[in-house]
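Asks: can't give you the sequence, but here's the structure:
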């Protein structure tokens with residue numbers, strides 16, 4: 001179902017949101033993340049590892065032009081990128097289920113924040129978790145233990161920008 005926003009609403013604060021897509025294999029998921037990022041006002045997408053990059057037919061098909069409106073950068077290695085973002089004042093937050101994870105609804109956006117998304121099957125590694133400031137999880141109430149990565153990003157992005 002296609003949804004169109006009725007108007008723009010301002011964020012309650014001036015915090016910037018960025019996202020790292022690490023080793024996401026589906027170009028359609030990347031395109032969907034671009035489209036949602038555009039709607040949520042994300043400042044930049046970082047595509048790391050083997051995540052596909054524009055121009056790619058799958059990204060173009062699902063992003064519907066958002067790959068042209070949201071800034072993006074390719075970085076092969078995620079660790080130096082996380083170090084750079086932290087030096088630039090970003091809080092780096094993984095979206096994943098983990099023994100360290102906190103409920104998403106308890107997170108309050110107060111400063112520049114970069115969300116980290118991982119592979120559709122394997123998620124993120126322990127090494128990446130160790131580099132993140134926090135790990136947030138979306139509560140699952142059904143029998144499945146995970147969501148599609150682009151759906152999880154949409155929930156997380158809109159949840160944190162409303163605060």
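Replies: Great, that's in hand. All values derive from a computational prediction rather than experimental measurement.
Asks: contacts and neighbour counts: CA atoms only from here.
Replies: Noted.
Asks: from residue 49, how far out is the residue nearest the centre of the chain?
Replies: For the chain, the residue nearest the mean C-alpha position is residue 19 (4.0 Å; Cα atoms, centre = their mean). Relative to residue 49, residue 19 is positioned 14 Å away (criterion: Cα to Cα, to the nearest Å).
Asks: which neighbours in the sheet does the regular element (helix or strand) spanning the residue nearest to the centre of the chain have, and how are they oriented?
Replies: Counting by DSSP states H and E, the element that carries residue 19 is strand 17-22. Strand 17-22 pairs in its sheet with strand 44-48 (parallel), strand 113-117 (parallel), by DSSP bridges.
Asks: could you pull up the residues touching the closest residue to residue 65 other than its chain neighbours?
Replies: Taking Cα to Cα, 6 or more residues apart in numbering as the measure, residue 65 lies nearest to residue 35, with 7.8 Å between them; neighbours along the chain are not counted. The contact partners of residue 35, by Cα atoms under 8 Å, 6 or more residues apart in numbering, come to 62, 63, 64, 65, 66, 67.
Asks: doesn't residue 40 make contact with the fifth one?
Replies: No - applying Cα atoms under 8 Å as the test, residue 66 and residue 40 come out as separate, 11.5 Å apart.
Asks: all helices for the protein, in order.
Replies: Defined through DSSP state H, the helices belonging to the chain, from first to last, are 27-40, 57-63, 66-69, 78-87, 126-131, 149-161.
Asks: I'd like the average pLDDT over the shortest one.
Replies: By that I understand helix 66-69. For helix 66-69, the mean pLDDT works out to 97.
Asks: got the buried residues for that helix?
Replies: The neighbour-count check on helix 66-69 (16 or more other Cα atoms under 10 Å) flags 66, 67 as buried.
Asks: and it, how far out from the chain middle?
Replies: From the chain centre to the centre of helix 66-69 is a distance of 15 Å (Cα atoms, centre = their mean, to the nearest Å).
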